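# the sequence and its predicted three-dimensional model are supplied below.
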Amino acid sequence: MPEFDGKVAIVTGGASGIGAATARALAARGALVVISDLDEPGGRLVAEAIGGDFVPCDVSDFDANGRLVADVVARHGGVDLVHLNAGVSTGCGIGEDFDLALYRRAMGANLDGVVFGLHHALPALKARGGGAIVATASLAGLVGMPFDSVYTANKHAVVGLVRSAGPALAQDGIRFNAVCPGFAESAITAPIAEALAQQGFPMMTAEEPAAAVVELFAADVSGECWFVQAGREPAAFQFRNVPGPRTD
């Protein structure tokens, strides 16, 4: 029997890149996958190719996330797996090139989309007796990335959310983890792919981080943030503890 036979999965940002690769991998393992994206034509193409379903959703909209989960439950009876993957690059810095609209767009997709998605998915997963959620963060959530400090900030926030909420949710049978990929094929990296190649940065296929997502869906862990780097096996990032207070 396939690993996820009978499971219902939601993949946000599933029209392309890591989301589409994750959707294909889950479907190959027996899951019924619901693609969600603002790119409706692209999302429907992926859904049709894998025998899944498509529901449009702007993840930065709180109520839209609720409607997405409710729609999937109504259509397919429940939700077992959720990949909170939708995200965008920032397109602005802080200082002279700051743009409030671009800032809000990036924070809405990259952070609000994870918080709102988690909030609305929890009741559906609890109704099934548990399940798993994987958020797409980034290596920029583990280290500073000077050329996009806003993106770095919202990905750090996703990592912090996973580390704090993951262990607490485990007691309800819900596993909440994150993948933190380096540069992989996606709409975000496409505009800078040539520059990255010139600087010697290897570009992973979208399937490489997607494989780590699927592995986390099956793993009995919660609150972990797995790095995904070219040429390395994905693994949980080992965070150092902060120094404790002195009592002498």
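Structure received. Numbers count the residues shown, from 1 in each chain.

# tell me what the top strand by length along the chain is packed against?
Assignment by DSSP state E gives strand 174-181 as the longest strand of the chain. On a contact count with 3 or more Cβ pairs under 8 Å, 6 or more residues apart in numbering; DSSP states H and E, strand 174-181 meets helix 113-127, strand 131-136, helix 149-170, helix 207-218, strand 225-228. All C-beta spots, glycine's among them, are computed from the backbone N, C-alpha and C.

# send the alpha carbons of it over as PDB?
Taking Å, rounded to 0.1, in the frame of the first residue of the first chain, the C-alpha atoms of strand 174-181 are listed here in PDB:
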ATOM      1  CA  ILE A 174      -0.100  17.100  15.100                       C
ATOM      2  CA  ARG A 175       3.500  17.300  13.700                       C
ATOM      3  CA  PHE A 176       4.600  20.800  12.600                       C
ATOM      4  CA  ASN A 177       8.000  21.100  11.000                       C
ATOM      5  CA  ALA A 178       9.700  23.200   8.400                       C
ATOM      6  CA  VAL A 179      12.100  22.800   5.500                       C
ATOM      7  CA  CYS A 180      14.800  25.400   5.000                       C
ATOM      8  CA  PRO A 181      16.100  25.000   1.400                       C
END
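
# that one to strand 131-136, inter-axis angle?
Angle, strand 174-181 to strand 131-136, by axes from the mean of the first three to the mean of the last three Cα atoms, to 10 degrees: 20 degrees.

# and the angle from strand 174-181 to helix 207-218?
160 degrees.

# ok and strand 174-181 relative to helix 149-170, angle-wise?
Using the same axes, to 10 degrees: strand 174-181 against helix 149-170 is 150 degrees.

# returning to what we had before: single out the most deeply packed of the helices and strands packed on strand 174-181.
strand 131-136 (a mean of 28; mean count of other Cβ atoms under 10 Å).

# any idea how far it is from the middle of the chain?
7 Å (Cα atoms, centre = their mean, to the nearest Å).

# residues in contact with that strand?
For strand 131-136, the external contacting residues (Cβ atoms under 8 Å, 6 or more residues apart in numbering) are 13, 18-19, 79-85, 87, 114, 117-118, 121, 125, 158, 161-162, 173-179, 181, 209, 213, 216-217.
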